[in-house]
Each structure stands twice: as structure tokens, then as C-alpha cells.
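1. sharing a model that was predicted from the sequence below.
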Amino acid sequence: MTRSELVAALAGRAEVSRKDADAVLAAFAETVGDIVAKGDEKVTIPGFLTLERTHRAAREGRNPASGEPMTIPAGYSVKVSAGSKLKEAAKGK
């Protein structure tokens, strides 16, 4: 599903204009991005989704092109956990 298809679906369900639905989606994405970037709290939508920033330690890896060992630096990643309602929806129920 593309962004425009998601905006159209949200607008239809919420009975608002596509412009308003797009503005809410953009605000949601920006807000979640800001919270995850800070890293001091996680975003939870009960039963649906949890997002949190995690730290990844430095580790050894291999260059896929040459096979030579290399060090992958430490950094941050985002952990996404599906909630119970989303898991049930994935089962087709």
C-alpha cells in the first residue's frame, strides 16, 4: 500500500478530507520520529504496535564483496513489536 492509498483509506474510514488525513499522517510520523530520536521513551499504541530505540554494540562482520573481516561500528536501531490485535489481524482473523 502506498502513502496515497493509505491516506485515501484513512480519509474514508474517518470521514475526513484526504488533505486532513494526510496532515494527520505526516504529524504522526514526525511525532513518532522525534520521540524515537530522543530515545528516552517508547511509543506504544496498545494492542497494535510498540516502537523504541535500541543501541547496537560494535561487532565484527565480513565485507560481502571481498570476504575480508571488518568492524561494524556501534549505533542505534528501532525495535518494532506487534501488539496482540495486529498479530491476530496477521493471522487473518
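-> Happy to help now that I have it. Numbers count the residues shown, from 1 in each chain.

2. quick check: Leu51 touching Val80?
-> Yes - if you go by Cβ atoms under 8 Å, Leu51 and Val80 touch, sitting 5.7 Å apart. (Glycine included, C-beta is placed from N, CA and C.)

3. so which elements touch the longest helix that the chain contains?
-> Secondary structure assigned by DSSP state H gives helix 18-38 as the longest helix of the chain. Packing partners of helix 18-38 (3 or more Cβ pairs under 8 Å, 6 or more residues apart in numbering; DSSP states H and E): helix 3-14, strand 43-45, strand 49-56.

4. how far away is Glu30 from Ala37?
-> Distance of Glu30 to Ala37, computed by Cβ to Cβ, to the nearest Å: 10 Å.

5. Ser84: what's it in contact with?
-> Residues counted as contacts of Ser84 (Cβ atoms under 8 Å, 6 or more residues apart in numbering) are Gly47.

6. quick revisit: looking at Leu51 and Val80, which is more packed in?
-> Higher neighbour count among Leu51 and Val80: Leu51, with 16 against 10, using other Cβ atoms under 10 Å.

7. okay, and the beta partners of the more buried one?
-> Under DSSP bridges, the beta-bridge partners of Leu51 are Val43, Val80.

8. what is the mean pLDDT for the longest helix of the chain?
-> For helix 18-38, the mean pLDDT works out to 95.

9. report the angle between that helix and strand 49-56.
-> 30 degrees (axes from the mean of the first three to the mean of the last three Cα atoms, to 10 degrees).

10. buried residues, helix 18-38. List them.
-> Buried residues in helix 18-38, counted by 16 or more other Cβ atoms under 10 Å: 21-22, 35-36.

11. ditto for stretch 56-64
-> Within stretch 56-64, no residue is scored as buried using 16+ other Cβ under 10 Å.

12. how long is that stretch end to end?
-> Stretch 56-64 has an end-to-end distance of 20 Å (criterion: Cα to Cα, to the nearest Å).
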